[in-house]
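Sequence first, then the predicted structure, then my questions.
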Amino acid sequence: MTNPIADPGHGHSPAAWTGVIIMLAGFTIGTLAFCLAVFSPVWIPIIWVGAAIVPLGALAGWLVSRAGYGVKGPKYSPKAH
């Protein structure tokens with residue numbers, strides 16, 4: 001049995017979800033643009049836009065965590081499993 005005090009929460013926090021959703025959007029945009037670039041080179045800059053969104057998602061997750069919504073933040077309330 002694990003110690004509930006030492007349990008890091010496995011990223012079930014608003015900060016983690018914010019970062020992951022933004023990064024997922026970046027990967028989705030980049031992947032779709034990559035597939036469409038086969039037909040037209042107009043989509044190539046959009047690939048780089050998707051790639052630029054990924055680190056912005058990590059930054060957003062970190063900022064939301066610093067705002068108190070991370071696993072150990074004062075504004076986070078864990079949900080019962």
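In hand now; what should we look at?

Which helix or which strand is home to residue 61?
Assigned by DSSP states H and E, residue 61 belongs to helix 44-64.

tell me what that helix is packed against?
If you count contacts as 3 or more CB pairs under 8 Å, 6 or more residues apart in numbering; DSSP states H and E, helix 44-64 packs onto helix 14-36. (Glycine included, C-beta is placed from N, CA and C.)

Next, the angle from the helix it packs on to helix 44-64.
Counting by axes from the mean of the first three to the mean of the last three CA atoms, to 10 degrees, helix 14-36 lies at 180 degrees to helix 44-64.

Return the set of buried residues in helix 14-36.
Residues of helix 14-36 classed as buried: 14-16, 18-19, 22-23, 26, 29-30, 33 (neighbour count, 16 or more other CB atoms under 10 Å).

packing partners for it?
helix 44-64.

How far off centre is the helix it packs on?
In terms of CA atoms, centre = their mean, to the nearest Å, the centre of helix 44-64 is found 9 Å from the chain centre.

hmm, who's touching it?
Residues outside helix 44-64 that contact it (CB atoms under 8 Å, 6 or more residues apart in numbering) are 14-16, 18-34, 36-37, 70.

at 10 Å what do you get?
With CB atoms under 10 Å, 6 or more residues apart in numbering as the test, helix 44-64 has contacts from 11, 13-37, 69-70, 73, 75.

Can you pull out the low-pLDDT segments for the protein?
1-11, 80-81 (pLDDT under 70).

Thank you kindly, that will do.
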